[in-house]
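> Sequence below, structure please.
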Amino acid sequence: MKPRVVLVTGVSRYLGTRLASTLAADPSIERVIGVDTVPPRPEASHVLGRTEFVRADIRNPLIAKVIAQAEVDTVVHMNVIATPLGAGGRTAMKEINVIGTMQLLAACQKAPSMRKLVVKSTTAVYGSSPRDPALFTEDSEPKSSPKSGYAKDAVEVEGYVRGFGRRRPDVTLTLLRFTNFIGPVIETPLTRYLSLPVVPTVLGFDPRIQLCHEDDGIEVLRRCVLEDHPGIFNVGGSGVLLLSQAVRRVGRLAWPVPSPMVSLVGRAFRRAGLVDFSPEQMRYLEHGRVADVSRLSARLGWTPRSTAEAMQAFVERSPRILNPETVAAAEERLLSLLTRRRTITTKEPVRA
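Next up is the predicted model:
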């Protein structure tokens, strides 16, 4: 069924703004309503087109009035925040993510006009562990369940969403688990991390990373709004990159940090406002995570760009500090120096 009135939460953030503007440009949709606690940035106002902005907090039960009065039939929940700094602290972040989702779902459950719910989630729900499978399918259980931060919030959000699905089986429910977003414009903890002049990595680890081009993420959301695709889908590009490859491609120099010091370095970067490292992101930098995206391609009949192509879009926007050849040569010299030093220190002492 084609949507008539679509409500997008988190419309003042980058992805929410882009999705709302894309839906507003579709003449088959009568109304697009964008909800957020703060108005969109002035430069984004003209992009939103005919989107109607409503300043409202989804943690407040008044969101039910917005949905009821507008007779919303499709809700796209984009307001799940990944970083505490962007929310005003970890407590506020959890309230927005978990309490906000609970109130939104309660409002959707009461609305007789509701026909479809699309929820933006994350592959972070699978966690990051040395015991992880090569590929996480949508039916995989995490080997190590997330215990804090954004990943834990996402697990709780998904639990409430599944509960909503049981209570309202008449509503088409689509849950999208996105891999890390990257691209020519979007800013995420990963893009800020890869933009550092020197990129701290965990000594002895070179995790596999999987990426989703920002344009492809919007296209998947658009298709799930306009078409019926019930179920859970991993969303991202095929293939992987090693973290060391990604660092080289953006012309940065890796700084291997011993595992015991990683949390200290993360706190230092967070206090400096450079990168909002969270505990689950630290584990991701050790073990990585890769999801099977074949179900998405098969069901939608469309395939996103590969991880390598998504990475290239980011590389083209990033000013290189060093070219990849220089980075590789520097890493080889450092490795040679460390190897030689280790050989010298492990030799037997000469006896008199």
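
> Tell me who's in contact with the nearest residue to Gly149 once chain neighbours are set aside.
Nearest non-adjacent residue to Gly149, counting by C-beta to C-beta, 6 or more residues apart in numbering: Ser278, 4.2 Å away. Backbone N, C-alpha and C define where each C-beta goes, glycine included. Shown in contact with Ser278 (C-beta atoms under 8 Å, 6 or more residues apart in numbering): 83-84, 148-150, 189.

> at 10 Å what do you get?
Counting by C-beta atoms under 10 Å, 6 or more residues apart in numbering, Ser278 touches 82-84, 90, 93, 124, 148-152, 189, 266, 270, 284.

> how close does the nearest residue to Gly288 once chain neighbours are set aside sit to Thr122?
Excluding the flanking residues, the one nearest Gly288 by C-beta to C-beta, 6+ apart is Pro207, at 2.8 Å. Between Pro207 and Thr122 the computed distance is 16 Å (C-beta to C-beta, to the nearest Å).

> Compare the two (neighbour count), which wins?
Per other C-beta atoms under 10 Å, whichever of Pro207 and Thr122 has more neighbours is Thr122, with 24 against 21.

> and the closest residue to the more buried one other than its chain neighbours, what pLDDT?
What sits nearest to Thr122 in space, not counting adjacent residues and going by C-beta to C-beta, 6+ apart, is Ala154, at 5.1 Å. The per-residue pLDDT reported for Ala154 equals 94.

> Looks like the residue nearest to Gly288 contacts Thr201 (just checking).
Yes - assessed by C-beta atoms under 10 Å, Pro207 is found in contact with Thr201 at 8.9 Å.

> what about stretch 48-62, average pLDDT?
Averaging pLDDT along stretch 48-62 gives 93.

> Alpha carbons of stretch 294-307, in CSV - could you do that?
Provided in CSV are the C-alpha atoms of stretch 294-307 (Å, rounded to 0.1, in the frame of the first residue of the first chain):
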residue,chain,number,x,y,z
SER,A,294,22.2,-10.9,0.6
ARG,A,295,18.7,-10.9,2.0
LEU,A,296,18.4,-7.2,1.3
SER,A,297,19.5,-7.5,-2.3
ALA,A,298,17.3,-10.5,-2.9
ARG,A,299,14.1,-8.9,-1.4
LEU,A,300,14.6,-5.4,-2.8
GLY,A,301,15.9,-6.5,-6.2
TRP,A,302,18.6,-3.8,-5.8
THR,A,303,22.2,-3.9,-4.5
PRO,A,304,24.0,-1.1,-2.7
ARG,A,305,27.5,0.0,-3.6
SER,A,306,30.4,-2.2,-2.3
THR,A,307,32.3,-1.3,0.8
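
> could you list every residue that touches Gly100?
Gly100 sits next to 9-10, 37, 57-60, 63, 77, 79-81, 94, 157 when contact means C-beta under 10 Å, 6+ apart.

> Now the buried members of the residues you listed.
Among the contacts of Gly100, those classed as buried by 16 or more other C-beta atoms under 10 Å are 9-10, 57-59, 63, 77, 79-81, 94, 157.
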